[in-house]
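**Q** Next comes the sequence, and after it the predicted model I'd like to discuss.
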Amino acid sequence: MQILIQKDLTTKKEGDIAERIHEMVESVTASHQLELRESIETNIQNTRKLEEERLALSETNANITAELDSVRAHKQAEIEQLRQALNDVQDMVVFRNEQDKSHADELVRLQSLTVKENEENEIPKNVVEDLQEQLEESRMQILIQEDLTTKKEGDIPESSLDEDETRSVWRYGFKGPLRFALQVGVSALVTVTGGIIVASVDAFNSDCNGSQSSYVCSLLTSLCNVSHAVPPPF
């Protein structure tokens, strides 16, 4: 009997212990589940927050990248403009140097031509001066001869010749041939010498690329004016 009672008590105790263990397990499980649920919710919230922060950072990064691209493009355009400006300046410097060299070469050529022109102008100048002296002497001789002829004519009695006969005597008399000979001789001298000078001027002009020597031309003009200054014999 005692054995049965003892078994019964033992069984009862075991049942109480099992129940308590079960209750403890359930309590621990519930607590763990609550903690786990809270942990999961916390993780979800943290994940959402991190995702929001990631999206915000991604948007900020995109904005920064776009701004950097814009700044980079602007700077690149400025660099290209500066590079083009530098190339233009370098080309201009090269062009200026070539132009200065060309001008310097042209100046040297013109200086050489000026020296040559001055040397060649000495000969026509001397020739013209000699011709002017000869023409002046011829004019003086003509004036002296005319004065002598006029004085002789004053001693001659008045002629009974008519106007045409008087003109014929004047033309073919002593005074007319002298003036005519002097004029023809002077004109021939001017023509021959002038032709030599003109040929020299043409040769000089061909060296000067078509330019004319105003000084030589003025000398020729003066020479021609002197030749035309000789009065006609009638």
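**A** That came in fine, so what should we check first? Numbers count the residues shown, from 1 in each chain.

**Q** Please name every helix or strand in contact with the longest helix anywhere in the chain.
**A** In the chain, with assignment by DSSP state H, the single longest helix is helix 2-155. Helix 2-155 sits against helix 175-207, helix 214-228, with contacts defined as 3 or more C-beta pairs under 8 Å, 6 or more residues apart in numbering; DSSP states H and E. Yep, even glycine has a C-beta here, placed from its N, CA and C like the rest.

**Q** average model confidence for that helix?
**A** If you average the pLDDT over helix 2-155, you get 81.

**Q** All further residue positions should be reported with the first residue as 25.
**A** Happy to do that; since the first residue is 25 now, the last one works out to helix 26-179.

**Q** From Asn121, how far out is Ala109?
**A** 19 Å (C-beta to C-beta, to the nearest Å).

**Q** List the contacts of Asn142.
**A** The contact partners of Asn142, by C-beta atoms under 8 Å, 6 or more residues apart in numbering, come to none.

**Q** Distance check, Leu58 against Gln69.
**A** 16 Å.

**Q** Next: Ala101.
**A** 48 Å.

**Q** now Glu143
**A** From Glu143 across to Gln69, the span is 109 Å (C-beta to C-beta).

**Q** ok, now Ile45?
**A** 36 Å.

**Q** again with Gln135
**A** The gap separating Gln135 from Gln69 is 97 Å, by C-beta to C-beta.

**Q** Now do the same contact list for Ala80.
**A** When contacts are counted by C-beta under 8 Å, 6+ apart, Ala80 touches no other residue.
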